[in-house]
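Peer 1: compute the structure for the input listed below.
(one chain, ligands or ions: 2)
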Amino acid sequence: MNLLVTGGAGFIGANFVLYWLNKYPKDTIINLDELTYAGNLENLKTVETNPRYKFVKGDICNPKLVNQVMEGIDTVCHFAAESHVDRSILSPSTFIETNIVGTHILLEAALKNKVKRFHHISTDEVFGSLELNNSSKFDERTPYNPRSPYSASKAASDHLVRAYWFTYGLPITISNCSNNFGRFQFPEKLIPLAITNILEGKKVPVYGDGLHVRDWLFVEDHCRAIDLIIRDGKVGETYCVGGLTKDISNLEVIKKILKILNKDESWLVFVKDRPGHDRKYSIDWSKIKNELGWHPEEDFDLLLEKTVSWYKDNRNWWLRLKKAEYEKYYKEQYKNL
Ligand code: NAD
Ligand code: TYD
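Peer 2: Ligands and ions are numbered 1, 2, ... in the order given. Sure thing, here's the model as predicted:
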């Protein structure tokens, strides 16, 4: 396959590029990434001289460039996005531009260049919020009900992707996954923020009562799921991808991290809640299990320990990211800390 990966310098994209080049020795990848604050070529150092890999710095909202890189591509794997809910609350415009307009530009180019598969990476957040103390889960038939500028922009992009299948016959697939964690995650998201704050001697901010629930998916399990969908998934279909956690609250996740790092609960600080904060996400991943044989491989606690170790061993990687733009963002987001 000749793949175009968008957003391959980000967290999940970089894990995916490394996974794919390692697993498929005949395939080539072009990585189109604008290198926003979240893009980091250090993630891809081990493949930068690989003749089967090429990096192109550029914006998915640039139709000329997108058409150029799409030439000769048979498979598009679209990760590029503005991905952080809190930033979407502070400044939504780039979310509309990248997530909606950028996806549309890619779809047009994919159609024009007759790609064989356009796989779109989306989120469970498009489904809205579940109630606490209720066992219902999101699945592929759950109606869309996004509640943040981020999730609304991702929902809009999903609708466009599906429209290009129904209207123009573009061979698409979509995956809606839960919260990922693992190496290379930018330290603005809960798990890397908690780990790196503690390693820097700072407290961990907990929004509201801390009882919000997320479904945690290890990034390498996610890469395997995308691989199966691209190769064996049915065109036009959506697959929900989730992890093995069972209704674990943010507070419980942070306490596990504190325990791994031998810290007590004085390292927690409760802060003002996020506006419109979704209470709970939970994913029913039985469709991808039954149709494609996918399941997450390892237990959350083990993978969390592995992730904490990675951040401990790669201090320079995240220390660099926590400077400049990040400091400004952190001050604005966590005003009283
Ligand atoms: P990320 O923020 O770590 O990386 C995004 C990447 O996209 C960066 O490398 C950035 O430079 C690039 N990018 C941003 N705007 C661009 C533009 N206009 N043109 C080209 N490149 C651009 O994101 P992530 O966590 O790796 O998420 C990847 C995808 O997975 C996103 O579509 C996101 O919505 C989705 N997703 C993420 C999670 C999660 O937990 N991280 C969960 C569900 C879905
Ligand atoms: P986050 O990693 O931003 O992912 P998402 O909002 O896409 O689920 O947040 C995960 C959960 O952790 C969410 O309920 C918000 C909460 N949270 C905190 O309590 N403190 C923080 O500093 C951050 C970043 C998130």
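Peer 1: quick check: phi and psi at residue 121.
Peer 2: Phi and psi for residue 121, reported as degrees, to the nearest 10, are phi -90, psi 120.
Peer 1: quick one, what contacts it?
Peer 2: Residues near residue 121 by C-beta atoms under 8 Å, 6 or more residues apart in numbering: 12, 77, 78, 79, 81, 175, 177, 226. Heads up, the C-betas are built off the backbone N, CA and C, glycines and all.
Peer 1: doesn't the first one belong to a helix?
Peer 2: Translated: residue 12. Yes. When classified by DSSP: H, G, I helix; E, B strand; the rest coil, residue 12 is found to be part of a helix.
Peer 1: what about it, how many residues close to it?
Peer 2: For residue 12, the neighbour count with other C-beta atoms under 10 Å is 23.
Peer 1: tell me which two of the contacts of residue 121 sit farthest apart.
Peer 2: Pairwise distances across these peak at 14.6 Å for 81 and 226 (criterion: C-beta to C-beta).
Peer 1: the host helix or strand of residue 95 near ligand 1 at all?
Peer 2: Counting by DSSP states H and E, the element that carries residue 95 is helix 93-95. No. Helix 93-95 is not in contact with ligand 1 by C-beta under 6 Å from any ligand atom; minimum separation 7.5 Å.
Peer 1: tell me the buried residues in that helix?
Peer 2: 94, 95 (16 or more other C-beta atoms under 10 Å).
Peer 1: now check that helix, is it near ligand 2?
Peer 2: No. Counting by C-beta under 6 Å from any ligand atom, ligand 2 has no neighbours in helix 93-95; the shortest distance is 12.5 Å.
Peer 1: which is the next helix or strand following that helix?
Peer 2: Downstream of helix 93-95 (by DSSP H and E), the next one is helix 103-112.
Peer 1: so which elements touch the helix holding residue 95?
Peer 2: helix 149-168 (3 or more C-beta pairs under 8 Å, 6 or more residues apart in numbering; DSSP states H and E).
Peer 1: tilt between whichever helix or strand comes after the helix it packs on and helix 149-168?
Peer 2: Per DSSP H and E, the first helix or strand lying C-terminal to helix 149-168 is strand 172-177. Angle of strand 172-177 versus helix 149-168, following axes from the mean of the first three to the mean of the last three C-alpha atoms, to 10 degrees, is 160 degrees.
Peer 1: what's near enough to touch residue 130?
Peer 2: Shown in contact with residue 130 (C-beta under 8 Å, 6+ apart): 136, 137, 138, 213, 279, 280, 281, 282.
Peer 1: the closest residue in space to residue 29 that isn't next to it in sequence in helix, strand or coil?
Peer 2: Leaving aside its chain neighbours, residue 29 sits nearest to residue 3 (4.8 Å; criterion: C-beta to C-beta, 6 or more residues apart in numbering). At residue 3, secondary structure determined by three-state DSSP is strand.
Peer 1: residue 3 against residue 26, yeah?
Peer 2: No. Between residue 3 and residue 26 there is no contact under C-beta atoms under 8 Å: 11.6 Å.
Peer 1: which of the two has more neighbours?
Peer 2: When residue 3 and residue 26 are compared for neighbours, residue 3 comes out ahead with 26 against 6, by other C-beta under 10 Å.
Peer 1: show me the beta-bridge partners of the more buried one.
Peer 2: residue 29, residue 75 (DSSP bridges).
Peer 1: pLDDT wise, what is it at?
Peer 2: pLDDT for residue 3: 98.
Peer 1: start the count at 206 instead of 1 going forward.
Peer 2: Understood, numbering begins at 206; the last thing we discussed is residue 208.
Peer 1: residues touching it, list them.
Peer 2: The neighbours of residue 208, taking C-beta under 8 Å, 6+ apart as the test, are 225, 232, 233, 234, 235, 278, 279, 280, 281, 282.
Peer 1: make it 7 Å
Peer 2: Contacts for residue 208 (C-beta atoms under 7 Å, 6 or more residues apart in numbering) come out as 225, 232, 233, 234, 278, 280, 282.
Peer 1: so which pair among these is furthest apart in space?
Peer 2: Largest separation among the contacts of residue 208 by C-beta to C-beta: 225 and 278, giving 13.8 Å.
Peer 1: and the contacts of stretch 355-375?
Peer 2: 290, 293, 300-301, 304-305, 308-309, 312, 315-316, 323, 325, 327-328, 330-331, 349, 351, 377, 379, 441.
Peer 1: er, stretch 337-349 actually
Peer 2: Here stretch 337-349 makes contact (C-beta under 7 Å, 6+ apart) with 329, 331-332, 335, 360, 416, 418, 443, 445, 484-489, 492.
Peer 1: how far does the helix or strand of the chain with the lowest mean pLDDT sit from the chain's center?
Peer 2: Using mean pLDDT, DSSP states H and E, the weakest-scoring helix or strand in the chain turns out to be helix 530-538, at a mean of 93. Remark: helix 530-538 is offset 21 Å from the chain centroid, using C-alpha atoms, centre = their mean, to the nearest Å.
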